[in-house]
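# No sequence on hand, only this structure:
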């Protein structure tokens, strides 16, 4: 089967008979049989950077033939170095853990869910309903959120954090001791790649090279700009962790456009946002998530004018979504709106530096990104040696790719280096 010129593996190469039976048990009548299928790539080029993405339609015979639409994420099929990196950092294992916990974290049926359901989740695969059939779609990467989009997404992020806060409270009450997520699962939360000094150096070099190549403020940049960016990267990544005497939750940490699915009304106004891809999740103050979301999806000028409104919406929804026992726990921590805003400012550097790290990947044209970042021969070098050459070359021919990166890196320079 083909998607354009790209050949896709057959169904039996992806799902076993037992897995297919499990999917049918969740989606079809007892005794239903698969009589056909269509399997294709979810998109042209890269849809996400930590796996291959497929769309599967099963034709199932019940009283008549019906279609079951599925979305599948698997370990990369043609890039072993990327597979090794994914397995070493427990990316799929983390996401599988969260899906395992989801029914306890948030078991209510909801017409506007903040998270998807999954039929299969493991350290190698995720199979879930294809939400595009329900009208959900991702936002164009080349654009920025307006107020309607950022507010509806902030609402879902707030509900996600509140659901986990309620879960932690319930565990605290049931076990008669403070619940600590890391005591159970801390061994899965460690990501060696993001705290590796060489990773910070490579990330800092890209930011420095972009500014030196394209910024009109080149005369203001010090000779050791790359080293200064690298130190900021290292400091920012070390800052996302569990802290005492404040609220800690599961933090998504990857809230860019392809990980947010939006549903719209007849007037093309967003009515709900579903958060996808929890592979990079960590544990820490919720401010890290909302600040990262704002920096990844809005312009600098929008943040300067409206950031406080977004943070107020987030905190209001969060407060309305936590139960009475959790409100008591938050009161004991003095976790009010002012406390939350203090943490937002503490999380700002992380949000800005992590945005600068992600942009060279996620803003690149998907077909070009596939050629650039999904080649097993060059994957390790681009990850840990030097990724500047392809980033600079693409920035020369793509205005959006260049300007979005310039904006965030100039802001970082002004605030944390020049300032």
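Now that the structure is in, tell me what you want to look at. Small disclaimer: the values here were computed from a predicted structure and weren't measured. Residues are numbered from 1 along each chain as shown.
# following the strand or helix carrying residue 274, which helix or strand shows up next?
For residue 274, the enclosing helix or strand under DSSP states H and E is strand 270-275. Where DSSP H and E defines the elements, the next helix or strand beyond strand 270-275 is strand 282-284.
# helices or strands up against whichever strand or helix holds residue 236?
Taking DSSP H and E as the criterion, residue 236 maps to helix 225-239. Judged by 3 or more Cβ pairs under 8 Å, 6 or more residues apart in numbering; DSSP states H and E, the packing partners of helix 225-239 are helix 192-195, helix 197-214, helix 337-362. To be clear about C-beta, it is placed using only N, CA and C from the backbone, and glycine gets the same treatment.
# Which neighbouring elements make contact with the following helix or strand past it?
Next along the chain after helix 225-239, taking DSSP H and E as the criterion, comes strand 249-251. With contacts taken as 3+ Cβ pairs under 8 Å, 6+ apart, strand 249-251 sits against helix 147-175, strand 282-284.
# any idea how far residue 352 is from residue 217?
17 Å (Cβ to Cβ, to the nearest Å).
# Have a look at these two and say which one is more surrounded.
It is residue 352, of residue 352 and residue 217, that has more neighbours when counted by other Cβ atoms under 10 Å, with 21 against 12.
# what about that one, distance to residue 414?
Look at residue 352 and residue 414: by Cβ to Cβ, they are 11 Å apart.
# what do you get for residue 262?
Distance from residue 262 to residue 414, by Cβ to Cβ: 32 Å.
# which of those two has more neighbours?
Between residue 262 and residue 414, counting by other Cβ under 10 Å, residue 262 is the more crowded of the two (21 against 12).
# burial measure for the residue lying closest to that one once chain neighbours are set aside, as a count.
The shortest distance from residue 262 to any non-neighbouring residue, by Cβ to Cβ, 6 or more residues apart in numbering, is to residue 270 (4.8 Å). As a burial measure, residue 270 scores 19 neighbours (other Cβ under 10 Å).
# Tell me who's in contact with residue 270.
Shown in contact with residue 270 (Cβ atoms under 8 Å, 6 or more residues apart in numbering): 148-149, 152, 262-264.
# Tell me how far the most centrally placed residue in the chain lies from residue 222.
With distances taken as Cα atoms, centre = their mean, residue 254 lies nearest the centre of the chain, 2.5 Å away. Residue 254 is 31 Å from residue 222, where distance means Cβ to Cβ.
# what's the answer for residue 358, then?
Using Cβ to Cβ, we find residue 358 at a distance of 25 Å from residue 222.
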